[in-house]
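Student: need a structure here:
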Amino acid sequence: MMEFPLVPCLNQFHPNNQWHPNFVMRFLTVALLALMTCCVSAEPATGQSVVLRPVDALPALKEVSRDAFYINGPVVHGLTDGMAETYYPLGDSAKYVLALVALRLADAGVIDLNEPVAKAVPELMAFNPWEVAVTPAHLLSETAGFGWPPNNLGNKAANAPLKYFLIKVRGAGQISVHDPVGWHLLAAFLKKRTGRDILSLVQEEVFSPLGIDATALRHTAPTPHWNTPLSDASFKGDAIAALLHPLMRNEDKDGRLFLSPPFHNLLGKSPIWEMHPLGAARHAGLSERRWGNRRLVYSQTDDNRDGLFFISAPGSDAIFVQPEGTHGTETLWRAALDILDRTTPPNFDRAAAIAKTQETIAVTTPGSLYDCAGTYTDLAPTALGTWQCTMDIAIDAQGRALFYASNGHSGYRTSPLSQRAANIFDPGGNPGVAGFDILQPLVFSQQGRGGYAMLGDWAFVRSDFVSYLKPKAADYLDLMIILLLSAGLHIRSKTSVQWRRFAAFALIGTTLVGVGIVGDLFFWSRVLYEMQMPWLITAWRVGLNIGLMLILALPMLAMAFIRQQNMPKEGIALLYAGPHLGLVSLAAIGLFFVTIIWGMAGTFTAY
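Tutor: Numbering: from 1, shown residues only. Reported below is the predicted structural model:
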């Protein structure tokens, strides 16, 4: 018989302290199985870790893209030697990298995710105690409320200060949309807190702990503020797997925790923001989609730019990766869902989420017309109709929703409201209409939160008749200006000095308003970002508001003329003066309402 002195604590369980090798092998096998069972059931709320065999997953992924691969626990499948040495565009998956940096700093106590960013960077934005303060948590979940920079900026605009781009279009925390400006603000905030630029922080907080070589990232020039920081960088194929490893296993290269559990949960377990228990949610740099009985976390990207795209299935230790570009992500979604449906149990309790809405969601009456929540900061796209992103909603007598969305998803009738108080229009399976987001429910925000709706990842804000008026107003702008300028015919009127003042107000006021409108429509972005002359914009906006005061005086003067019978007594003016006063007054009121609809009235600052 052989003794095992390395296990003296177990010798007491065998007669004469003697151990049979077969007994030891059986004992070790049982212990190993117990350990594996413990590890597999570590996340009972989100499903079980499974082993995805290459034969079950790779063929479907390679049909999506020859460079697609997947990570299952510590093993990478489908990443060839050639792919490992290839540099792929990072794209908007840079948000995930920036989120890792921010969470590491928050975990170390360097920053607080709920502190007002404006207090740290007063040179970029002013702190307003009367509004919801923008925090790092808002920036990580893209709910800060900044508008999109103009899409026609040239190379000269790349040198414009960041503060010119920080234009709020809504309060923080209301809705989540793609926000490249917010990520630049986060990078500036982190630099102010640490004294290090974002590349140094990525190297120290992400690359070093994960064992990624600095040469794995190629980045030649600063990213312009209209794109996510580092989104124009390229990342090496073999480093992508290392970059995604902490999303699943939360380990660094030495097996230590990459993040403490509360901060790691913000990557895929605990949403920072959600509007509805069934709607899309946002994590730190990542998005979450509740699809049927599945909860999937992924890198939300700009469909117009190439970049790394990946889908993570929490609880299953699986990440599906498409490294060469975001085009065709719909096919990766379908392939990933098919693989998961065949190999893993559900990880989302849809029935419980619907039941939760009865307790948390207030009754809201859906509107009829919604605009996309992502909006440009310049006036031209909406005023001239070059950017129209809307959704029309009608509810029939059976409580079903018929919608048309200009993003291409349209025309299906949902099942009746799953829960009236929950504001859910649920497709109830496959409604048989082409389109990707139709498999998602159409959900509405709570009462008092701005009247938002979400269809999959698309966020909309209730606008009703205002959306019709914005582009329509431009159709009548020329007519209103011509009518107002025609009042100049009375500049030499012999009826009274009040008539000559009426004409002067019309000419000066219309000129000032016209210059302001033309400046905002066609020159605002160039003057601010390329010429960097915000004072000039302030000058024409001050002039516009002075002009509005002058033309608003025209209807009052017209009423005074009629009341005081201060009208021409002879000549052709006797015939047209009355109708002309009415038309000029209508044009003045109409032009004033146009400037209100376009958000110009009462605006004096350049940005």
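Student: The closest residue to W148 other than its chain neighbours: neighbour count?
Tutor: In space, and not counting its chain neighbours, W148 is closest to Y376: 4.8 Å by C-beta to C-beta, 6 or more residues apart in numbering. Every residue, glycine included, has its C-beta placed from N, CA and C. When neighbours are counted by other C-beta atoms under 10 Å, Y376 registers 19.
Student: Just the pLDDT at Y376, thanks.
Tutor: The score at Y376 is 92. That number is its pLDDT.
Student: what's it in contact with, if anything?
Tutor: Shown in contact with Y376 (C-beta atoms under 8 Å, 6 or more residues apart in numbering): G147, W148, P149, P150, N151, T382, W387.
Student: Likewise for R305?
Tutor: P89, G91, D92, N227, S231, T326.
Student: In TSV, list these along with secondary structure, distance to L52 and neighbour count.
Tutor: TSV is the format used below for those (DSSP: H, G, I helix; E, B strand; the rest coil; distance: C-beta to C-beta, whole Å; neighbours: other C-beta atoms under 10 Å):
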residue	secondary structure	distance to L52	neighbour count
P89	strand	26	21
G91	helix	25	26
D92	helix	26	26
N227	coil	34	20
S231	coil	30	26
T326	coil	23	22
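Student: Least confident of the residues you listed?
Tutor: T326 (56).
Student: mind giving me the domain split of the chain?
Tutor: Residue ranges for each domain of the chain read 8-40, 54-348, 364-463, 471-597, as given by automatic domain parsing.
Student: For E131, which non-adjacent residue is spatially closest?
Tutor: Excluding its sequence neighbours, the residue lying closest to E131 (C-beta to C-beta, 6+ apart) is G171, at 6.1 Å.
Student: Kindly confirm my reading that that neighbour is in a helix.
Tutor: No: using DSSP: H, G, I helix; E, B strand; the rest coil, the secondary structure at G171 is coil, not a helix.
Student: Report the separation between the closest residue to E530 other than its chain neighbours and L162.
Tutor: Using C-beta to C-beta, 6+ apart and skipping residues adjacent in sequence, the residue nearest E530 is K156, 4.2 Å away. As for K156, its distance to L162 is 16 Å (criterion: C-beta to C-beta, to the nearest Å).
Student: Check L266 too.
Tutor: Using C-beta to C-beta, L266 is found at 25 Å from L162.
Student: So the two - more neighbours on which side?
Tutor: Neighbours per residue (other C-beta under 10 Å) separate L266 from L162, with L266 holding more: 23 against 16.
Student: Touching, that one and H283? I think so.
Tutor: Yes: if you go by C-beta atoms under 8 Å, L266 and H283 touch, sitting 5.9 Å apart.
Student: Give the intersection of the neighbour lists for these two.
Tutor: With C-beta under 8 Å, 6+ apart, L266 and H283 have common neighbours L140, I272.
Student: which stretches of the stretch 201-350 of the chain form helices?
Tutor: 208-210, 237-248, 261-268, 329-343, 350-360 (DSSP state H, counting those that start in this stretch).
Student: Would you point to the one among those that's packed deepest?
Tutor: Stretch with highest mean neighbour count among those: helix 237-248 (a mean of 21; mean count of other C-beta atoms under 10 Å).
Student: Could you list the buried residues of the longest helix anywhere in the chain?
Tutor: Ranked by residue count and defined by DSSP state H, the top helix of the chain is helix 534-563. Of all the residues in helix 534-563, those buried under the rule 16 or more other C-beta atoms under 10 Å are 534, 536-537, 539-541, 543-545, 547-548, 550-551, 553-555, 557-558, 561.
Student: Below-threshold pLDDT in the stretch 251-400 of the chain: ranges please.
Tutor: Applying pLDDT under 70 to the stretch 251-400 of the chain flags residues 301-304, 325-328, 360-367, 395-400.
Student: go on, the stretch 501-607 of the chain?
Tutor: In the stretch 501-607 of the chain (pLDDT under 70), the answer is 570-575.
Student: rerun that using 50 as the cut-off
Tutor: Scanning the stretch 501-607 of the chain for pLDDT under 50 picks out no residues.
Student: And the strands in the stretch 51-200 of the chain?
Tutor: For the stretch 51-200 of the chain, applying DSSP state E, counting those that start in this stretch gives strands covering 69-72, 75-77, 87-89.
Student: what's the most buried one of those?
Tutor: Comparing the strands of the stretch 51-200 of the chain by mean count of other C-beta under 10 Å gives strand 69-72 as most buried, with a mean of 24.
Student: Residues contacting that one, please?
Tutor: Contacts of strand 69-72 (C-beta under 8 Å, 6+ apart): 51-52, 57-58, 61, 76-79, 83, 241, 244-245, 248, 317-321, 323.
Student: and that strand, which strands flank it?
Tutor: When pairing is defined by DSSP bridges, strand 69-72 lines up against strand 75-77 (antiparallel), strand 318-322 (antiparallel).
Student: Those: which one's closest to I481?
Tutor: strand 318-322 (51.6 Å; C-beta to C-beta).
Student: just to revisit the earlier point, got the angle between the following helix or strand past the longest helix of the chain and helix 534-563?
Tutor: Using DSSP states H and E, the helix or strand that follows helix 534-563 towards the C-terminus is helix 573-597. In terms of direction (axes from the mean of the first three to the mean of the last three C-alpha atoms, to 10 degrees), helix 573-597 departs from helix 534-563 by 140 degrees.
Student: Which neighbouring elements make contact with helix 573-597?
Tutor: Judged by 3 or more C-beta pairs under 8 Å, 6 or more residues apart in numbering; DSSP states H and E, helix 573-597 is in contact with helix 465-486, helix 497-518, helix 534-563.
Student: a markdown table for those helices, including distance to K191?
Tutor: Formatted as a markdown table, those follow (distance: least, C-beta to C-beta, whole Å):
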| stretch | distance to K191 |
| --- | --- |
| helix 465-486 | 38 |
| helix 497-518 | 37 |
| helix 534-563 | 24 |
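Student: Figure out which of those is closest to D254.
Tutor: Closest among those, using C-beta to C-beta: helix 534-563, at 50.5 Å.
Student: And that closest one, how far out from the chain middle?
Tutor: Centre-to-centre, helix 534-563 and its host chain are 38 Å apart (C-alpha atoms, centre = their mean, to the nearest Å).
Student: One more: stretch 216-230?
Tutor: 19 Å.
Student: Residues contacting it, please?
Tutor: With C-beta under 8 Å, 6+ apart as the test, stretch 216-230 has contacts from 87, 90, 92, 94-95, 97-98, 148-151, 153, 157-158, 160, 162, 165, 180-181, 183-184, 187, 198-199, 202, 207, 231-236, 238-239, 302, 305.
Student: May I see the buried residues of it?
Tutor: In stretch 216-230, counting by 16+ other C-beta under 10 Å, buried: A216, L217, H219, T223, P224, H225, W226, N227, T228, P229, L230.
Student: same check, this time on stretch 514-527
Tutor: G514, G516, I517, G519, D520, L521, W524, S525, R526, V527.
Student: Show me what that stretch is in contact with.
Tutor: Here stretch 514-527 makes contact (C-beta under 8 Å, 6+ apart) with 150, 152-153, 157, 378-380, 383-384, 477, 481, 533-534, 536-537, 540-541, 543-545, 547, 595, 598, 600.
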